[in-house]
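Sequence below, structure please.
(one chain, ligands or ions: 1)
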Amino acid sequence: MKPRPDILPSVTREVITACGSIFIGISFDEDLKPFEVFATMGKSGNCNASYINGIAIAISIGLRSGTNYKDYVKYLSGIRCSSVKFNGKGKTVYSCVDAIAKAIDEEVKNPVVLDYIRSYYA
Ligand SMILES: [Zn+2]
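You can find the predicted model right below:
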């Protein structure tokens, strides 16, 4: 597993899920690839917060061990739990795991995020 630098640039977004809001943080390495993922339930969250936290840690271990982030996006997107949330922006959050996978996918394609990470490493 790659060692973690003391400081990494990251972005955090809030996603409203059927379980409440989760804050999803993604830090990036100098190749503009996700290095680790954090996920924290907001105080209204009724999902098991430790489960969400554990998923993020498991993803981070994989990323730091060479797994391509695209594999997490591919295999975790669309996983459904018993309650589905329509966010009003034409997007559906099928589960908290789905929200994490889609957040990874969206951040790596977001030009504002990539500019920010690039400027950090410039
Ligand atoms: Zn949940």
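
What separation is there between S65 and I55?
Relative to I55, S65 is positioned 16 Å away (Cβ to Cβ, to the nearest Å). Glycine gets a C-beta too; all of them are placed from N, C-alpha and C.

Pick out whichever of those two has more residues nearby.
The residue with more neighbours, out of S65 and I55, is I55; 18 against 9, by other Cβ atoms under 10 Å.

Give me the secondary structure label for K70.
Here K70 is recorded as helix under DSSP: H, G, I helix; E, B strand; the rest coil.

no, scratch that, I was asking about V73
Going by three-state DSSP: V73 is helix.

Equivalent analysis for I26, please.
Following three-state DSSP, the label given to I26 is strand.

Report the beta-bridge partners for it.
Counting by DSSP bridges, I26 is bridged to V11, V37.

Against S83, how distant is it?
Note on I26: its distance to S83, by Cβ to Cβ, is 24 Å.

Looking at these two, which is more packed in?
The residue with more neighbours, out of I26 and S83, is I26; 29 against 13, by other Cβ under 10 Å.

Pretty sure that one sits against A39.
No. I26 is beyond contact range of A39, at 9.7 Å (criterion: Cβ atoms under 8 Å).

quick one, phi psi at the residue most central in space within the chain?
By Cα atoms, centre = their mean, the chain has its centre lying nearest to I100, at 4.0 Å. When quoted as degrees, to the nearest 10, the phi and psi of I100 stand at phi -70, psi -50.

That one and R13, how far apart?
From I100 over to R13 (counting by Cβ to Cβ), the distance is 11 Å.

between those two, what contacts are shared?
I24 (Cβ atoms under 8 Å, 6 or more residues apart in numbering).

three-state assignment of I59?
Per three-state DSSP, I59 ends up helix.

which ones are touching the closest residue to it other than its chain neighbours?
Distance criterion Cβ to Cβ, 6 or more residues apart in numbering; nearest residue to I59, sequence neighbours excluded, is V37 at 4.7 Å. V37 sits next to I24, G25, I26, A56, I59, S60, L63, I100, I104 when contact means Cβ under 8 Å, 6+ apart.
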